[in-house]
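Q: What follows is a predicted protein model with its sequence.
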Amino acid sequence: MIPDTGRVSLARIAVLVSGRGSNLGALLAAERAGAFPGSVTQVVSNRPGAGGLAIADDHGIATAVVDHRSYPDRERFDDALAAAIGPGEPDLVVLAGFMRVLGRRFVDRYAGRLVNIHPSLLPSYPGLHTHRRALADGAKLHGCTVHFVTADVDVGPIIGQAALGVRDDDDEDSLAARVLALEHRLLPACVRWFCEGRLVVENGRVRVLDTAGPGEIYSPPLDR
Ligand code: GRF
(Lines give C-alpha, C1' and ligand atoms only; values in the text may rest on other atoms or scores of the structure.)
Protein backbone atom coordinates (compact mmCIF):
# COMPACT_ATOMS: atom_id res chain seq x y z
CA MET A 1 0.00 0.00 0.00
CA ILE A 2 1.56 3.28 -1.13
CA PRO A 3 0.02 6.35 0.53
CA ASP A 4 -0.21 9.60 -1.40
CA THR A 5 2.61 12.02 -0.84
CA GLY A 6 1.85 15.40 0.64
CA ARG A 7 3.86 18.61 0.35
CA VAL A 8 6.91 18.67 2.56
CA SER A 9 8.34 22.13 3.27
CA LEU A 10 12.03 21.20 3.16
CA ALA A 11 12.28 17.49 2.63
CA ARG A 12 15.01 15.60 4.43
CA ILE A 13 16.43 13.11 1.97
CA ALA A 14 18.48 10.01 2.73
CA VAL A 15 20.36 8.50 -0.21
CA LEU A 16 21.41 4.86 -0.24
CA VAL A 17 24.31 3.88 -2.49
CA SER A 18 26.51 0.89 -3.23
CA GLY A 19 29.03 2.27 -5.68
CA ARG A 20 30.24 5.19 -7.77
CA GLY A 21 27.49 7.61 -6.70
CA SER A 22 27.08 9.64 -9.88
CA ASN A 23 23.31 9.88 -9.32
CA LEU A 24 23.99 11.13 -5.80
CA GLY A 25 26.33 13.72 -7.34
CA ALA A 26 23.64 14.79 -9.78
CA LEU A 27 21.13 15.10 -6.96
CA LEU A 28 23.52 17.24 -4.92
CA ALA A 29 24.25 19.47 -7.91
CA ALA A 30 20.51 19.91 -8.42
CA GLU A 31 20.03 20.69 -4.74
CA ARG A 32 22.73 23.36 -4.93
CA ALA A 33 20.99 24.84 -7.94
CA GLY A 34 17.78 25.06 -5.92
CA ALA A 35 16.06 22.54 -8.19
CA PHE A 36 13.91 21.04 -5.43
CA PRO A 37 12.78 22.04 -1.93
CA GLY A 38 14.77 19.40 -0.14
CA SER A 39 18.16 18.56 1.23
CA VAL A 40 20.26 15.41 1.24
CA THR A 41 20.93 14.96 4.94
CA GLN A 42 22.61 11.58 4.93
CA VAL A 43 24.18 8.95 2.70
CA VAL A 44 24.29 5.29 3.65
CA SER A 45 26.25 2.63 1.81
CA ASN A 46 26.36 -1.13 2.14
CA ARG A 47 29.91 -1.07 0.73
CA PRO A 48 32.73 0.50 2.76
CA GLY A 49 34.67 1.85 -0.24
CA ALA A 50 31.75 3.19 -2.26
CA GLY A 51 32.53 6.27 -4.31
CA GLY A 52 29.25 7.78 -3.15
CA LEU A 53 30.63 8.03 0.38
CA ALA A 54 33.52 10.22 -0.82
CA ILE A 55 31.08 12.45 -2.70
CA ALA A 56 29.03 12.83 0.48
CA ASP A 57 32.16 13.61 2.49
CA ASP A 58 33.11 16.30 -0.02
CA HIS A 59 29.73 17.91 0.57
CA GLY A 60 29.93 17.62 4.35
CA ILE A 61 27.02 15.18 4.46
CA ALA A 62 26.76 12.60 7.23
CA THR A 63 27.61 9.08 6.07
CA ALA A 64 27.16 5.60 7.46
CA VAL A 65 28.24 2.17 6.26
CA VAL A 66 26.10 -0.88 6.92
CA ASP A 67 28.11 -3.69 5.41
CA HIS A 68 25.72 -6.46 4.36
CA ARG A 69 28.50 -9.04 4.84
CA SER A 70 28.34 -8.44 8.58
CA TYR A 71 24.75 -9.69 8.90
CA PRO A 72 23.55 -13.28 8.79
CA ASP A 73 20.35 -12.58 6.87
CA ARG A 74 18.45 -9.91 5.00
CA GLU A 75 16.13 -9.06 7.90
CA ARG A 76 18.98 -8.20 10.22
CA PHE A 77 20.77 -6.24 7.52
CA ASP A 78 17.56 -4.32 6.78
CA ASP A 79 17.03 -3.56 10.46
CA ALA A 80 20.59 -2.25 10.77
CA LEU A 81 20.03 -0.13 7.68
CA ALA A 82 16.83 1.33 9.14
CA ALA A 83 18.67 2.00 12.40
CA ALA A 84 21.39 3.85 10.48
CA ILE A 85 18.79 5.93 8.66
CA GLY A 86 16.78 6.76 11.79
CA PRO A 87 16.20 8.39 14.19
CA GLY A 88 16.10 11.56 12.06
CA GLU A 89 13.44 9.83 9.95
CA PRO A 90 13.85 11.22 6.44
CA ASP A 91 10.89 12.36 4.36
CA LEU A 92 12.32 10.56 1.35
CA VAL A 93 14.74 7.66 0.90
CA VAL A 94 16.37 7.44 -2.53
CA LEU A 95 18.00 4.26 -3.73
CA ALA A 96 20.66 5.57 -6.11
CA GLY A 97 22.62 2.58 -7.31
CA PHE A 98 21.85 0.65 -4.13
CA MET A 99 22.44 -2.96 -5.11
CA ARG A 100 20.76 -4.91 -2.30
CA VAL A 101 17.22 -6.25 -2.39
CA LEU A 102 15.27 -4.88 0.57
CA GLY A 103 12.81 -7.00 2.53
CA ARG A 104 9.13 -6.34 3.10
CA ARG A 105 9.54 -4.94 6.62
CA PHE A 106 12.00 -2.29 5.44
CA VAL A 107 9.92 -1.45 2.39
CA ASP A 108 6.73 -1.15 4.45
CA ARG A 109 8.44 1.10 6.96
CA TYR A 110 9.26 3.61 4.23
CA ALA A 111 6.20 3.01 2.06
CA GLY A 112 5.39 5.98 -0.12
CA ARG A 113 8.74 7.66 0.56
CA LEU A 114 11.15 5.09 -0.88
CA VAL A 115 12.15 5.49 -4.52
CA ASN A 116 14.64 3.77 -6.81
CA ILE A 117 16.31 4.67 -10.08
CA HIS A 118 16.59 1.80 -12.52
CA PRO A 119 18.48 1.81 -15.83
CA SER A 120 15.72 0.60 -18.15
CA LEU A 121 12.23 1.49 -19.24
CA LEU A 122 10.34 -0.67 -16.78
CA PRO A 123 8.56 -3.02 -16.98
CA SER A 124 11.12 -3.97 -19.63
CA TYR A 125 14.38 -5.29 -18.25
CA PRO A 126 14.01 -5.45 -14.49
CA GLY A 127 17.14 -6.76 -12.75
CA LEU A 128 20.72 -6.60 -13.98
CA HIS A 129 22.56 -6.07 -17.29
CA THR A 130 19.74 -3.96 -18.68
CA HIS A 131 21.77 -2.31 -21.47
CA ARG A 132 23.21 -5.60 -22.70
CA ARG A 133 19.74 -7.16 -22.79
CA ALA A 134 18.19 -4.20 -24.60
CA LEU A 135 20.94 -4.35 -27.25
CA ALA A 136 20.55 -8.11 -27.64
CA ASP A 137 16.83 -7.67 -28.22
CA GLY A 138 17.39 -4.95 -30.79
CA ALA A 139 15.32 -2.53 -28.73
CA LYS A 140 14.95 0.84 -30.47
CA LEU A 141 14.08 2.79 -27.33
CA HIS A 142 15.82 2.44 -24.01
CA GLY A 143 16.14 4.59 -20.95
CA CYS A 144 15.59 4.80 -17.23
CA THR A 145 12.82 4.77 -14.66
CA VAL A 146 12.27 6.23 -11.22
CA HIS A 147 9.67 4.29 -9.26
CA PHE A 148 8.32 3.80 -5.78
CA VAL A 149 9.81 0.71 -4.19
CA THR A 150 7.55 -2.15 -3.17
CA ALA A 151 8.47 -5.57 -1.83
CA ASP A 152 8.74 -6.94 -5.39
CA VAL A 153 11.93 -5.92 -7.16
CA ASP A 154 11.69 -3.25 -9.89
CA VAL A 155 7.89 -3.30 -10.17
CA GLY A 156 6.68 -0.44 -7.96
CA PRO A 157 4.54 2.44 -9.26
CA ILE A 158 6.43 4.39 -11.93
CA ILE A 159 7.03 8.06 -11.16
CA GLY A 160 8.95 9.09 -14.25
CA GLN A 161 10.85 7.75 -17.23
CA ALA A 162 13.31 9.15 -19.73
CA ALA A 163 13.99 7.50 -23.07
CA LEU A 164 16.49 7.69 -25.88
CA GLY A 165 16.87 6.05 -29.26
CA VAL A 166 19.34 3.16 -29.43
CA ARG A 167 21.96 3.80 -32.13
CA ASP A 168 23.11 1.15 -34.57
CA ASP A 169 26.67 1.61 -33.34
CA ASP A 170 25.83 1.56 -29.63
CA ASP A 171 27.64 -0.97 -27.48
CA GLU A 172 26.92 -1.70 -23.84
CA ASP A 173 29.28 1.02 -22.61
CA SER A 174 28.05 3.78 -24.89
CA LEU A 175 24.43 2.95 -24.16
CA ALA A 176 25.07 2.84 -20.41
CA ALA A 177 26.78 6.23 -20.57
CA ARG A 178 23.96 7.85 -22.51
CA VAL A 179 21.29 6.37 -20.22
CA LEU A 180 23.28 7.49 -17.18
CA ALA A 181 23.20 11.08 -18.45
CA LEU A 182 19.41 10.74 -18.63
CA GLU A 183 19.30 9.31 -15.11
CA HIS A 184 21.09 12.40 -13.88
CA ARG A 185 18.27 14.55 -15.23
CA LEU A 186 15.36 12.28 -14.37
CA LEU A 187 16.17 11.64 -10.72
CA PRO A 188 16.26 15.31 -9.62
CA ALA A 189 13.03 15.93 -11.53
CA CYS A 190 11.26 13.09 -9.73
CA VAL A 191 12.66 14.22 -6.38
CA ARG A 192 11.31 17.69 -7.12
CA TRP A 193 7.82 16.32 -7.84
CA PHE A 194 7.96 14.35 -4.60
CA CYS A 195 9.15 17.30 -2.52
CA GLU A 196 6.51 19.55 -4.05
CA GLY A 197 3.80 17.05 -3.08
CA ARG A 198 2.81 16.52 -6.69
CA LEU A 199 2.73 12.72 -6.76
CA VAL A 200 -0.61 10.99 -6.36
CA VAL A 201 -0.73 7.20 -6.35
CA GLU A 202 -4.01 5.65 -7.47
CA ASN A 203 -4.44 1.94 -8.09
CA GLY A 204 -0.71 1.43 -8.42
CA ARG A 205 -0.33 4.26 -10.92
CA VAL A 206 1.35 7.57 -10.24
CA ARG A 207 -0.13 10.85 -11.41
CA VAL A 208 2.19 13.86 -11.45
CA LEU A 209 0.06 16.92 -10.73
CA ASP A 210 0.37 20.12 -12.73
CA THR A 211 2.42 18.80 -15.61
CA ALA A 212 1.71 19.11 -19.30
CA GLY A 213 2.57 15.47 -19.93
CA PRO A 214 5.33 14.04 -22.04
CA GLY A 215 3.81 14.08 -25.53
CA GLU A 216 5.12 11.44 -27.90
CA ILE A 217 8.61 10.16 -28.63
CA TYR A 218 9.60 8.05 -31.60
CA SER A 219 12.83 6.45 -32.66
CA PRO A 220 14.20 7.22 -35.18
CA PRO A 221 12.67 10.69 -35.50
CA LEU A 222 9.84 10.47 -38.03
CA ASP A 223 10.69 13.74 -39.75
CA ARG A 224 14.05 12.56 -41.08
C1 GRF B 1 22.75 3.51 -12.18
O2 GRF B 1 22.74 3.13 -13.52
C3 GRF B 1 21.46 3.14 -11.52
O4 GRF B 1 20.35 3.26 -12.36
C5 GRF B 1 21.70 1.68 -11.19
O6 GRF B 1 23.03 1.62 -10.79
C7 GRF B 1 23.75 2.70 -11.38
C8 GRF B 1 24.37 3.47 -10.28
O9 GRF B 1 25.23 4.46 -10.74
N10 GRF B 1 20.74 1.19 -10.24
P11 GRF B 1 25.79 5.56 -9.77
O12 GRF B 1 26.36 4.84 -8.54
O13 GRF B 1 24.67 6.49 -9.39
O14 GRF B 1 26.87 6.25 -10.54
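A: Structure's in. What do you need?

Q: Distance check, the residue of the chain found nearest the ligand against residue 19.
A: Residue of the chain nearest the ligand, by C-beta to the nearest ligand atom: residue 97 (2.6 Å). No exception for glycine: its C-beta is placed from N, CA and C like everyone else's. Separation of residue 97 from residue 19 (C-beta to C-beta, to the nearest Å): 5 Å.

Q: about what we covered before: tell me, how many residues neighbour the residue of the chain closest to the ligand?
A: Neighbour count of residue 97, defined by other C-beta atoms under 10 Å: 24.

Q: can you give me phi and psi for it?
A: phi 80, psi 30 (degrees, to the nearest 10).

Q: Close to the ligand: what parts of the chain are there?
A: 17, 19-23, 96-97, 117-119, 180, 183 (C-beta under 6 Å from any ligand atom).

Q: Now intersect those residues with the helices, please.
A: 22-23, 180, 183 (DSSP state H).

Q: Just among the residues you listed, which is most surrounded?
A: Most surrounded of those: other C-beta under 10 Å gives residue 23, at 26 neighbours.

Q: If I look at that residue, what pLDDT would I see?
A: If you check residue 23, the pLDDT there is 98.

Q: let's have the chain start at 477 instead
A: Okay, residue one is now 477; in that scheme the one you just asked about reads as residue 499.

Q: ok, now which ones touch it?
A: Residues near residue 499 by C-beta atoms under 8 Å, 6 or more residues apart in numbering: 572-573, 593, 659-660, 663.
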